[in-house]
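K.L.:
Give me a 3D structure for the following:
(one chain, ligands or ions: 2)
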Amino acid sequence: MRMVDVIQKKRDGETLSEEEIRFFINGYTDGTISDYQASAFLMAIYFSDMNAEEQGYLTMAMVNSGDQIDLSAIEGIKVDKHSTGGVGDTTTLILAPLVAACGVPVAKMSGRGLGHTGGTLDKLEAIEGFHIEISESEFVKQVNDLKLAVIGQSGNLTPADKKLYALRDVTATVDSIPLIASSIMSKKIAAGADAIVLDVKTGDGAFMKTTEDAEALAQSMVAIGKEVGRNTMAVISDMSQPLGYAIGNALEVKEAIDTLNGNGPEDLTELCLVLGSEMLIAGEKAKDTKDARKQLNAVIKDGSALELFAKFLEAQGGNPEIVKNPELLPKAAYQIEVKSTTTGFITKMEADEIGVAAMLLGAGRATKEDDIDLAVGIVLKKKIGDAVKSGETIAVVHSNTENILQTERLLLKHIHISQHAPKRPKLIYKVMK
Ligand code: URA
Ligand code: CA
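P.N.:
Ligands and ions are numbered 1, 2, ... in the order given. Presented below is the predicted three-dimensional model:
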C-alpha cells in the first residue's frame, strides 16, 4: 500500500477501507509516514469528510496505537462522562460521587485545565493532600471497594492522537468533525469505558460555537459509539455563560460540595441531573429518566453522595473534613467586589472571555508549563436575565494581589448589560442517543 494512493482516494471523496485507515495510523505513529503526507491526508479528510464506518475504523486504529486501560476486573458497566470543555464546569466533581452512590462504578481518568477551561485534576488538587498517583491495581481495587477513583493520564494512551493533534494544530485541520469525534472517542475507549455519556457544549465558551456544529459533532460521536460497540449518548448543553457561579479551582470544589448538599446553582444542578440520569440508564441502574432522577435526588437528600465524596477524598490522601467545612480549602488573600456601572439586565456573559479573566488571575494555564494558584478565581453574583442596579456587585474576585484592575476591566467589558430583559438561555438543547 502507498500513502499517496490513500491520500488521493480521500481527496477524490471516496470511502476508505479499514486496512487503509490502519495503514495510515500505524505508519504515522511509527514515523514511516511523514508529516507532509499526513498533513495532506488530514486536509483531504477536512474537505471530503468521513462516513460513520470510516470514523469507527479511525477511532479504533488510534485506540490500538498505544496502551489501553483494562477495567475488566471492575464489576458492572463502566460509564464514563466526557465534556467538550467549558468555563466553571464543575460537573465531574459532582457527578462522580452522585452516580457512584447510585451504584454505577466510576473509574475516571482526568486531565488538567488549559486556556480558558479548567480541569478536574487541578480542582481535586485544591484539596490538601489529595493525590492522583495511584497504581492501576490500586485504582481498580478502590473502584471495587468504593465505586469511585480518579487517576491522571498515565501510560502511553492513544499516541496516534497526540501526534495527530499536534499536527492538526499547525495545519488548520483541528475543526474537522470526523477528526474531533474520533480523537475524543479514542481517548475514552482507551481509558476503558464500556459506555460513554458526552456533554457537548455550545455557545461562546465552547469549542463548538453554534448548536448546529455541536449537534453534528454529537451525532458523529454517537455514530462512532454504535460502530465500535460502546453505548454512547450525547447531551447538548449551553456554554454561552459560565456554568454555576464559581470559576477557579478551590471555589469550584466548594460549589461542588454545595451542589452535593442540594444547595447548588440551578443550572449546574440540573445539568448534573440530566447527565447523571443518562449515566444511570447506561449503567443499567435505572430504567428511565424519571427513575434515575428519583435515585439521584435521593442520594443528595440523604447525604450519601457527599459521604461517598468524603470517603473517596480520604482514600486518595485528601482531607475529608473539607466536605463539612469548606473553609479549610485554600483561600485567596483578597475578596474584591466588582460593581456594575449601569442599571438594567444582564444580556450576555461571554464565557470564554470570563474564563480568560480567571486564567490571567492565576486560576488557569496559558501554556501547559504554567503554575496555577488553586485559591484564586471569580464568583459571579448574576447570570443572564438577572436585573442589576448601578453600584450592585456583579462578581467577587478572589485574588492574591490587591490590584485586580485587569480582571475588573475584563469582567465589565464581557458582562453586557442593557435596558431590555433578554430571554434566559436554554440549558439543555437536546439529548441524542
Ligand atoms: N478535543 C479533543 O480531544 N480532540 C479534538 O480533536 C478536539 C478537541
Ligand atoms: Ca462553576
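K.L.:
Quick check on residue 74: phi, psi?
P.N.:
Residue 74 adopts backbone torsions of phi -90, psi 130, taken as degrees, to the nearest 10.
K.L.:
Could you pull up the mean pLDDT of stretch 406-419?
P.N.:
Stretch 406-419 carries an average pLDDT of 97.
K.L.:
typed the wrong thing, it's stretch 266-275
P.N.:
On average, stretch 266-275 scores 98.
K.L.:
Check which residues of that stretch are buried.
P.N.:
Of all the residues in stretch 266-275, those buried under the rule 16 or more other CB atoms under 10 Å are 267, 268, 269, 271, 272, 273, 274, 275. C-betas here are computed from N, CA, C, even on glycine.
K.L.:
Now for the spatially closest residue to residue 312 that is not a sequence neighbour: which residues touch it?
P.N.:
In space, and not counting its chain neighbours, residue 312 is closest to residue 148: 4.6 Å by CB to CB, 6 or more residues apart in numbering. Neighbouring residues of residue 148 by CB atoms under 8 Å, 6 or more residues apart in numbering: 96, 97, 100, 105, 106, 108, 142, 308, 312.
K.L.:
Among those residues, which one lies nearest to residue 8?
P.N.:
residue 108 (42.0 Å; CB to CB).
K.L.:
My guess is that closest one contacts residue 93. True?
P.N.:
No: Residue 108 is not in contact with residue 93 according to CB atoms under 8 Å; the separation is 10.4 Å.
K.L.:
Give me the common contacts of the two.
P.N.:
Residues touching both residue 108 and residue 93 by CB under 8 Å, 6+ apart: residue 120.
K.L.:
Next, count neighbours for the residue of the chain found nearest ligand 1.
P.N.:
At 3.4 Å from ligand 1, residue 183 is the closest residue in the chain, using CB to the nearest ligand atom. If you count neighbours by other CB atoms under 10 Å, residue 183 ends up with 21.
K.L.:
quick one: it from residue 409, how far?
P.N.:
From residue 183 across to residue 409, the span is 36 Å (CB to CB, to the nearest Å).
K.L.:
sorry, back to before: next step: the contacts of residue 148 restricted to strands.
P.N.:
Per DSSP state E, strands hold the following members of the contacts of residue 148: 106, 108.
K.L.:
Can you tell me the closest non-neighbouring residue to the residue nearest the centre of the chain?
P.N.:
Nearest residue to the geometric centre of the chain (CA atoms, centre = their mean): residue 83, 3.0 Å. Closest residue in space to residue 83, ignoring its immediate chain neighbours: residue 199 at 4.2 Å, by CB to CB, 6+ apart.
K.L.:
how about the one you found, secondary structure?
P.N.:
For residue 199, the assignment made with DSSP: H, G, I helix; E, B strand; the rest coil gives strand.
K.L.:
ok, it touching residue 235?
P.N.:
Yes: between residue 199 and residue 235 there is a contact at 5.4 Å, judged by CB under 8 Å.
K.L.:
quick one: low-confidence parts of this structure?
P.N.:
For the chain, no stretch is flagged by pLDDT under 70.
K.L.:
how does it look with 90?
P.N.:
Within the chain, the ranges that satisfy pLDDT under 90 run 85-86, 110-119, 132-133, 136, 152-155, 204-205, 207, 366-369.
K.L.:
and it, which residues reach ligand 2?
P.N.:
88, 90, 244, 246 (CB under 5 Å from the ion).
K.L.:
In contact with the second one, which residues?
P.N.:
Under the criterion of CB under 8 Å, 6+ apart, the contact partners of residue 90 comprise 123, 243, 244, 246, 252, 253, 255, 256, 259, 268.
K.L.:
burial of the fifth one, as a residue count?
P.N.:
Right, residue 252. There are 28 residues near residue 252, going by other CB under 10 Å.
K.L.:
Kindly report the same for the first one.
P.N.:
Residue 123: 26 surrounding residues under other CB under 10 Å.
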